[in-house]
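Colleague: This is a predicted model, with the sequence first.
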Amino acid sequence: MKKIRNPEDVVNLKIIKPGSRIYAAGNAATPQKLLRALAADEQIEDVEVIGVLLLGDIDPLFSEAACNRITHRVIFNGPASREAVNHGRAKYQLLHLSDIPRQLRHDIKPDVAMITVSGPDNGGNYSLGTTVEAVPAALESVRRQDGVVIAERNARMPFVLGSTIPADMIDYLIDTDYPLPVSPVKPPDEAARRIGIIIADNYIQNGTTLQYGIGQVPEAVTDAILDKGVRDLGIHTELFADAMQRLVEAGVVTNRHTFIHVNCAMSSIFLSSDPEGYEWLDYNSSVQSRPCDYTNSALNIAREPNMVAINGAIGVDLHGNIWADSLQARRIFSGVGGQSDFLRGAALSSGGVPIIALKSTTNKGLSKIVEKCPEGITTTAIAADQVVIVSEQGAFDPRGLSFSERAVATAHLAEPNTREQLIKRIYDSPEYH
């Protein structure tokens, strides 16, 4: 491993040659200085960058000028990449989170990796910090092709236990010190609180294993869990955020009944709403990181008893289609991520429940429960997936019900005016009878 002082010492045409495929760690572990150097060097061209939700101060990477030299394969869209993806300057790479490592090993095959690390520990190993996801698979691919691994050691990156790499896996190391990206969470509003209470009251018991993400609804579910007083919860998730930290700190997470029986939460990605949340993760044995082909394997999820997977969505239709990555057929908001992995894994779990939780309307008052999904849109759950749907209006379990029965129940999750319109549409349509 060679230590360097400036990103430009390694991010240059001698190292990043034409034809290079670069895998970049994402989320809070996005190597921002390396990626800005890549965007700034106009000599580097005809290269690809692959990543999952690249966050931070990296807007130049997706500028029109940079996109003329760099082919972006965006697996999960975010604020920095959204305009480029939706204006044709970057490609949307449609992948389940569980499948990214396999694709990196066998299909995409990156030969350069840009990552963020913390460490070393007393054994000389470096933590992958807040983002593991598919990084280990990317490093395997790079090594097989005699490629280059470049790492930022950010002084503010916590040493998250679980997934580490030896020093000889890193070719170049640069020390950095800048704030990690945060994901601010608004306090739950009345609709979110109602959803949280419905979920906790009906689906979360002592010994439940949990998966959920970040936002108002997860915070509200956590509030309701603590109010209910359930114990011995497990956490097997793809994203660990502040809401789950609160459960750990309250002492209700023991993982006593989970498949591997370890007293810690399992996750592949960690995000916090403030720097203190990242400090809490540092050498904290109550959490461990794992690659996303472990955390998001439907087989592993199904092994967890009483697995309750709670995910959000942009919309739901009367057929039972659910979409979470797109607003329209070619207007990509986020990504498929691991939603399908957890919905299908939870459905196979003994006592498991796959849940989609969404407010009945958008911030602009538009209904999220509609008759038909937008034409050509990507669905993260299809009508045949037996997914429980919860809005502030109530909960609907489709298991054992017919197409028309499901349509009526789904309509009742809409706000009152839309509900009446949808029910009339069902009543007037012979195909529902």
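Modeller: It's in.
Colleague: Okay, strands next: where are they in the stretch 151-300 of the chain?
Modeller: Applying DSSP state E, counting those that start in this stretch to the stretch 151-300 of the chain gives strands spanning 164-166, 172-176, 209-211, 234-235, 239-240, 265-267, 269-270, 287-289.
Colleague: Export those strands as TSV, with columns for mean pLDDT.
Modeller: As requested, the strands of the stretch 151-300 of the chain are arranged in TSV below (pLDDT from 0 to 100):
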stretch	mean pLDDT
strand 164-166	97
strand 172-176	98
strand 209-211	97
strand 234-235	96
strand 239-240	96
strand 265-267	93
strand 269-270	96
strand 287-289	96
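Colleague: Redo these as CSV? Include distance to residue 367.
Modeller: The way it works is simple: take the backbone N, C-alpha and C, and place the C-beta from them, glycine included. As requested, those are arranged in CSV below (distance: least, CB to CB, whole Å):
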stretch, distance to residue 367
strand 164-166, 47
strand 172-176, 46
strand 209-211, 27
strand 234-235, 33
strand 239-240, 27
strand 265-267, 33
strand 269-270, 31
strand 287-289, 38
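Colleague: which stretch among those comes nearest residue 310?
Modeller: Nearest to residue 310, of all the strands of the stretch 151-300 of the chain, is strand 209-211, at 6.8 Å by CB to CB.
Colleague: what's the closest one in contact with?
Modeller: Taking contacts as CB atoms under 8 Å, 6 or more residues apart in numbering, the residues outside strand 209-211 that touch it are 204, 233-238, 244, 247, 257-258, 301, 304-311, 342, 346, 349.
Colleague: Tell me, please, where in the chain the pLDDT is lower than the cut-off.
Modeller: Residues of the chain meeting the criterion pLDDT under 70: 261.
Colleague: Now with 90, please.
Modeller: In the prediction, the chain carries residues with pLDDT under 90 at positions 1, 184-186, 256-264, 325-334, 375-378, 383, 403, 430-433.
Colleague: show me where it has helices.
Modeller: Counting by DSSP state H, the chain has helices at residues 32-40, 64-69, 82-86, 100-103, 135-144, 190-203, 216-228, 242-249, 275-281, 292-295, 298-303, 339-348, 403-411, 416-428.
Colleague: and residue 433, what does it touch?
Modeller: So, once contact is read as CB under 8 Å, 6+ apart, residue 433 ends up touching residue 404.
Colleague: let's see 10 Å
Modeller: By CB atoms under 10 Å, 6 or more residues apart in numbering, the contact list for residue 433 reads 404, 426, 427.
Colleague: Going by neighbour count, which of these are buried?
Modeller: Buried residues within the contacts of residue 433, counting neighbours by 16 or more other CB atoms under 10 Å: residue 426.
Colleague: out of the contacts of residue 433, who's nearest residue 100?
Modeller: Taking CB to CB as the measure, residue 404 is the one of the contacts of residue 433 closest to residue 100, at 38.2 Å.
Colleague: measure the closest one to residue 433 for me?
Modeller: Using CB to CB, to the nearest Å, residue 404 is found at 6 Å from residue 433.
Colleague: so what sits against both of the two?
Modeller: A shared contact of residue 404 and residue 433, defined by CB under 10 Å, 6+ apart, is any residue touching both; here these are residue 426.
Colleague: ok, how many other residues are close to the closest residue to residue 300 other than its chain neighbours?
Modeller: In this structure, residue 300 finds its nearest non-sequential neighbour in residue 294, 6.2 Å apart by CB to CB, 6 or more residues apart in numbering. For residue 294, the number of neighbouring residues by other CB atoms under 10 Å comes to 18.
Colleague: quick one: residue 294 and residue 132 touch, right?
Modeller: Yes. Between residue 294 and residue 132 there is a contact at 9.0 Å, judged by CB atoms under 10 Å.
Colleague: Spit out the residues that contact the two alike.
Modeller: Taking CB under 10 Å, 6+ apart as the contact criterion, the residues that touch both residue 294 and residue 132 are 162, 163, 268.
Colleague: was I right about residue 404 contacting residue 423?
Modeller: No. If you go by CB under 10 Å, residue 404 and residue 423 don't touch, sitting 11.7 Å apart.
Colleague: Next up, the contacts around the nearest residue to residue 56 once chain neighbours are set aside.
Modeller: Setting aside the residues directly before and after it, residue 56 is nearest to residue 32 in space (CB to CB, 6+ apart), at 4.3 Å. By CB under 10 Å, 6+ apart, the contact list for residue 32 reads 7, 24, 54-58, 61, 114, 116, 152, 154, 176, 178-181.
Colleague: swap in residue 288?
Modeller: Here residue 288 is in contact with 132, 160, 161, 162, 163, 240, 262, 264, 265, 266, 267 (criterion: CB under 10 Å, 6+ apart).
Colleague: Ok, residue 185 next?
Modeller: Each residue near residue 185 by CB under 10 Å, 6+ apart is listed here: 214, 215, 216, 218, 219, 241, 242, 243, 271, 272, 273, 274.
Colleague: how about a cut-off of 6 Å?
Modeller: Taking CB atoms under 6 Å, 6 or more residues apart in numbering as the contact definition, residue 185 lies against 219, 273.
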